[in-house]
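1. Kindly generate the corresponding structure for this input.
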Amino acid sequence: MADTHVELAGSRRPLARNAHRIRDIDPHAHIEATVVLKAPPLPCANNLPVAAFYPAELERRYAAAPDDVQKVEAVLQSYGLKIEGLTPSGRNLKVSGPASAIEAAFKAGLGIYRSPEQGEFRGREGSLFVPAELDGLVETILGLDRRRMAFRRMARAAKAKRAAPGAPLAPADLENRYNFPPGNCAGEFVAIAEFGSPLQSGAFLPPAYFPDDVTKFCTDQRRPVPAVTTVPVGLAPLSPQQVAALPAQVQNEVMDETGEVMMDVEIVAALCPAARISVYYAPWSQDGWVNLLEQVTKDRPVALSVSYGLAEDSPDWTPSALSAIGNALQLAAMAGITVCVSSGDDGSGCNMSDAKAHVEFPGSSPFVLSVGGTMLNPSTTPPSEVVWWQSPGRRTGNGHSGATGGGVSVKFDRPAWQTVNIASVNPGAIDGRVVPDVAALAGPPLYALVMQGQPAPNGGTSASAPLWASLIARIDAALPAAKKQRFLPRLLYQNAAQGGGTIGAAGCSDIVSGHNTSTPQPGKGYQAVAGYDAVTGWGVPNGRALLAAL
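-> Numbering: from 1, shown residues only. As a prediction, the model looks like this:
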């Protein structure tokens, strides 16, 4: 067999930030990867179908050609790789095998790296290659590099956040503030995405799930306790017993992540008590994103809550991975799933250390509902809602800092349906997708929650995303059959049937005060104004008005 390989365009990765290589990969180490196949192109964001597709129809129209799949399988098997099967879309192939076979097939140059932020992890530098016989049949390979590709709030901030002024808002307070339509979401299905952190040479440490906390929270709030299902997608949550058996330092890390998971679940559980609720767990690598999104699309909830992201122009994203994840998000949108993604908690800087403003991916994708954050201003009576900004406009780990993400994408064009006129603060930048679309409470006084049986108020745009997912389910339950299961973001920019404005303006309360500038870098950001803006979108929900407009 001729050992001729060709480079995969868009697969080049730089060295992970602050990382250095400490040794080569063990040639016997077991590795699983996702091969992204050449497949029929999806319609652009401007041409999304009006009616949602069922997943089987998406697969029929857009899966890779069977003959191409068979050829890829045969060639990779000849290198000693095992074929694990196609993903639900039929566009990606799961493979596994020893590192020696992976190296022979893809010339990845895998090694074990170490960084202060991640400890040891499996990684690579440079480009990937495939056998020449597969040139034009493979787009990229995901999952070989296990650097962290999803971030939430700064670790160990939850306890400090309990000192926020004012009583945290309970589910009934949120329903009242945001004028939720009545109901319990019977017959609806809501999904939640969670990710696990890298641990040593390719393994991942998942967060835990504490069902007793969900029970206590719902009981305390006088809400029915819903049925919550966990769905492993390459990763299963830890039980309380498993957490207790971990070393103290690792246990602290797990508990930080678990607090975020429990926030997501408790918000949805209390606001959608009769809904089917599934929590999907995946590694927070590039292939973890794709695999989770494909499984969710196959299961077809009305909404998926995602409280993770990373600056869209971070060098850790490869162009091919952004494309693969973007395609997975588009398939979800075409299935009528509204993926609600937090816009980030680091203001206009998105945790990048340069003079440019940034936005986070996947929130910057045109195929998601990007959700920004607000806070209550206690100096007014009653407290007014303003843009969430606490000095210095980014997270510092002290529990009372941060700001909503928002701005103009440099990676994704503005879809024709997003009929807003907002320019980037970065000189020479494109007229990209503007985020967020909408907002909800993220900062003080936070959300009332329970963790390990004790009150644990928390927030961030990680909380506003599941709130919007819950509202979408509440609205969907009240809509007639012909209006159900629709991708919401595009609808928000359409004209409402009455009043002359857009559905977004009719269904949201405008936020007109505040900004999201991060300091000292980039020292610039976006300002709330009357109407749509790049910090709170159309504003915070007016649920009954949005139901009527839809």
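2. So in the protein, where's the weakest helix or strand by average pLDDT?
-> Lowest by mean pLDDT, DSSP states H and E among the helices and strands of the chain is helix 158-161, with a mean of 42.
3. For stretch 522-529, which residues meet the burial criterion?
-> Pro522, Lys524, Gly525, Tyr526, Ala528 (16 or more other C-beta atoms under 10 Å). Where you see a C-beta, it was placed from the backbone N, CA and C, and this is true even at glycine.
4. residues contacting the third one?
-> Counting by C-beta atoms under 8 Å, 6 or more residues apart in numbering, Gly525 makes contact with Gly347, Ser348, Ala357, Gly393, Gly406, Gly407, Val425, His515, Asn516, Thr517, Ser518, Val535.
5. State the helix or strand in which it lies.
-> Using DSSP states H and E, Gly525 falls within no helix or strand.
6. could I get the buried residues of stretch 522-529 as a markdown table with distance to Leu137?
-> Shown next, in a markdown table, are the buried residues of stretch 522-529 (distance: C-beta to C-beta, whole Å):
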| residue | distance to Leu137 |
| --- | --- |
| Pro522 | 42 |
| Lys524 | 45 |
| Gly525 | 44 |
| Tyr526 | 43 |
| Ala528 | 48 |
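7. which one of those residues is nearest Asp24?
-> Using C-beta to C-beta, Pro522 comes nearest to Asp24 of the buried residues of stretch 522-529, at 38.7 Å.
8. starting at the chain centroid, how far to the helix or strand harbouring Trp289?
-> Trp289 belongs to helix 286-299 when assigned by DSSP H and E. The chain centroid and the centroid of helix 286-299 are separated by 11 Å under C-alpha atoms, centre = their mean, to the nearest Å.
9. With stretch 499-516 instead?
-> 24 Å.
10. likewise stretch 461-475?
-> 13 Å.
11. go on, stretch 318-338?
-> 11 Å.
12. Flag every buried residue along that stretch.
-> Going by 16+ other C-beta under 10 Å, stretch 318-338 has these buried residues: 318, 320-322, 324-338.
13. What segments of the stretch 251-400 of the chain are strands?
-> 276-283, 303-306, 310-311, 338-342, 360-361, 369-377, 384-387, 389-390 (DSSP state E, counting those that start in this stretch).
14. quick one on the thing from earlier: hmm, who's touching the helix holding Trp289?
-> 33-34, 36, 55, 58, 87-89, 92, 142-143, 145, 149-150, 189, 191, 193, 195, 231, 233-235, 278, 280, 282, 304, 317-318, 321, 324-325, 328-329, 331-332, 335, 337, 339, 362.
15. okay, the angle between that helix and strand 276-283?
-> Per axes from the mean of the first three to the mean of the last three C-alpha atoms, to 10 degrees, the angle that helix 286-299 makes with strand 276-283 is 160 degrees.
16. and the closest residue to Gly459 other than its chain neighbours, backbone torsions?
-> What sits nearest to Gly459 in space, not counting adjacent residues and going by C-beta to C-beta, 6 or more residues apart in numbering, is Leu446, at 4.1 Å. Here is the backbone geometry of Leu446 (degrees, to the nearest 10): phi 70, psi -180.
17. Verify the stated contact: Leu446 with Ser462.
-> No - in this structure, Leu446 is not within contact of Ser462 by C-beta atoms under 8 Å, at 11.3 Å.
18. which regions of the protein lie under the pLDDT threshold?
-> 1-2, 153-165, 197-204 (pLDDT under 70).
19. mind checking the longest helix of it?
-> helix 248-271 (DSSP state H).
20. Please, where are all the helices along this structure?
-> Counting by DSSP H, the helices of the chain are 55-62, 66-78, 99-106, 158-161, 171-177, 211-220, 240-244, 248-271, 286-299, 319-334, 461-478, 488-492, 503-507, 543-549.
21. could you dump those to JSON lines with distance to Gln454?
-> Formatted as JSON lines, these follow (distance: least, C-beta to C-beta, whole Å):
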{"stretch": "helix 55-62", "distance to Gln454": "41"}
{"stretch": "helix 66-78", "distance to Gln454": "51"}
{"stretch": "helix 99-106", "distance to Gln454": "44"}
{"stretch": "helix 158-161", "distance to Gln454": "10"}
{"stretch": "helix 171-177", "distance to Gln454": "18"}
{"stretch": "helix 211-220", "distance to Gln454": "9"}
{"stretch": "helix 240-244", "distance to Gln454": "14"}
{"stretch": "helix 248-271", "distance to Gln454": "11"}
{"stretch": "helix 286-299", "distance to Gln454": "30"}
{"stretch": "helix 319-334", "distance to Gln454": "36"}
{"stretch": "helix 461-478", "distance to Gln454": "18"}
{"stretch": "helix 488-492", "distance to Gln454": "35"}
{"stretch": "helix 503-507", "distance to Gln454": "36"}
{"stretch": "helix 543-549", "distance to Gln454": "30"}
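22. between those helices, which one is nearest to Pro226?
-> The nearest among the helices of the chain, by C-beta to C-beta, is helix 248-271 at 5.1 Å.
23. Who are the packing partners of the closest one?
-> The contact analysis (3 or more C-beta pairs under 8 Å, 6 or more residues apart in numbering; DSSP states H and E) places helix 248-271 against helix 171-177, strand 189-199, strand 203-205, helix 211-220, helix 240-244, strand 276-283, strand 450-451, helix 461-478.
24. CA atoms only: put stretch 231-244 into CSV for me.
-> What follows is stretch 231-244 as a C-alpha-only set of coordinates in CSV (Å, rounded to 0.1, in the frame of the first residue of the first chain):
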residue,chain,number,x,y,z
VAL,A,231,-28.1,10.9,28.1
PRO,A,232,-24.3,10.1,27.8
VAL,A,233,-22.8,11.1,24.5
GLY,A,234,-19.3,9.7,25.1
LEU,A,235,-19.5,10.8,28.8
ALA,A,236,-21.7,9.9,31.7
PRO,A,237,-22.3,12.1,34.8
LEU,A,238,-20.8,11.2,38.1
SER,A,239,-23.1,10.1,41.0
PRO,A,240,-22.8,11.7,44.4
GLN,A,241,-21.1,8.6,45.6
GLN,A,242,-18.5,8.8,42.9
VAL,A,243,-17.8,12.4,43.7
ALA,A,244,-17.2,11.6,47.3
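25. Need the contact partners of it.
-> Counting by C-beta under 8 Å, 6+ apart, residues outside stretch 231-244 touching it are 32, 194-196, 204, 206-210, 212, 230, 251, 254-255, 258, 261, 278-283, 288, 291-292, 295, 299.
26. Pull the number of nearby residues for Gly397.
-> By other C-beta atoms under 10 Å, the residues close to Gly397 number 11.
27. Look up how far Val434 lies from it.
-> 29 Å (C-beta to C-beta, to the nearest Å).
28. How about Glu175?
-> Glu175 is 29 Å from Val434, by C-beta to C-beta.
29. between those two, who's got more neighbours?
-> A side-by-side neighbour count of Glu175 and Val434, using other C-beta under 10 Å, places Val434 first with 26 against 19.
30. Give the burial count for Lys82, as a bare number.
-> Counted with other C-beta under 10 Å, Lys82 comes out at 14.
31. could you list every residue that touches it?
-> Counted by C-beta under 8 Å, 6+ apart, Lys82 has contacts Val95, Ser96, Gly97.
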